[in-house]
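> Please work out how this folds:
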Amino acid sequence: MDPSSLADQLNAEREKTLERIAALAHDREGVIESTVSTGVDDEHDPEGATIAFEREQIEALLDQSRHHLSELDRALRRLDEGAYGRCEVCGDPIAAERLAARPTARTCIGCASRR
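The predicted model follows:
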C-alpha cells in the first residue's frame with residue numbers, strides 16, 4: 001500500500017476517533033449534569049451505583065479512545081519517518097495482514113506474542 005493511501009486511512013480513523021471522543025465527552029457531561037440537577041447521592045440512592053457505573057464506563061471509553069488517538073498519531077509520525085510497518089522491537093517488517101487488521105501495530109506478531 002502506498003504511503004499516501006496509508007496516511008488517508010490513518011487520518012480517517014483519527015477523525016472517527018476524535019468524533020468518538022467528542023461524543024463520549026458530551027455523554028459524560030450529560031451524566032454529570034443529570035446528577036447535579038437531581039441532587040443524587042450515589043452512596044445512599046439505590047440508583048446511585050448505576051450512575052457511578054455509567055460515569056466510570058464513559059471515562060474508561062474516553063481513556064481507550066484517547067489512547068487510540070495517541071497510537072494513531074504515533075503511526076502517522078512513523079509513516080512520515082519511513083518507519084511505519086517495521087517492528088519496533090526486532091526491525092523486521094510487520095505483516096500486511098496485521099497492519100490491515102490493526103493499522104497502529106508497532107510490533108510484528110512474533111514480538112507481540114513474546115510480550
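> okay, the most centrally placed residue in the chain: pLDDT?
In the chain, the residue lying closest to the centroid (CA atoms, centre = their mean) is residue 68, at 2.4 Å. With respect to pLDDT, residue 68 scores 98.
> same question, residue 36
The per-residue pLDDT of residue 36 was computed as 72.
> other SSEs contacting the helix or strand encompassing the residue nearest to the centre of the chain?
Using DSSP states H and E, residue 68 maps to helix 48-81. Applying 3 or more CB pairs under 8 Å, 6 or more residues apart in numbering; DSSP states H and E, we find helix 48-81 packed against helix 3-38. Where you see a C-beta, it was placed from the backbone N, CA and C, and this is true even at glycine.
> What residues of the helix it packs on count as buried?
6, 10, 13-14, 17, 20-21, 24, 27-28, 31, 35 (16 or more other CB atoms under 10 Å).
> How about stretch 108-115?
108, 111.
> Would you mind extracting the C-alpha trace of it into CSV?
Extracted C-alpha coordinates of stretch 108-115, given in CSV (Å, rounded to 0.1, in the frame of the first residue of the first chain):
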residue,chain,number,x,y,z
CYS,A,108,5.4,-8.0,14.4
ILE,A,109,3.3,-11.0,15.5
GLY,A,110,6.4,-12.8,16.8
CYS,A,111,7.5,-9.9,19.1
ALA,A,112,3.9,-9.2,20.2
SER,A,113,3.4,-12.8,21.2
ARG,A,114,6.6,-12.8,23.4
ARG,A,115,5.3,-9.8,25.5
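> same question for that stretch, mean pLDDT?
Rounded mean pLDDT across stretch 108-115 is 92.
> ok, and what's touching it?
Identification of contacts with stretch 108-115 by CB atoms under 8 Å, 6 or more residues apart in numbering yields 87, 89-90, 92-95, 98, 105, 107.
> if we go to 10 Å?
Contacts to stretch 108-115, defined as CB atoms under 10 Å, 6 or more residues apart in numbering, come from residues 85-95, 97-98, 102, 105-107.
> List only those of those flagged as buried.
85-87, 94, 98, 105-107.
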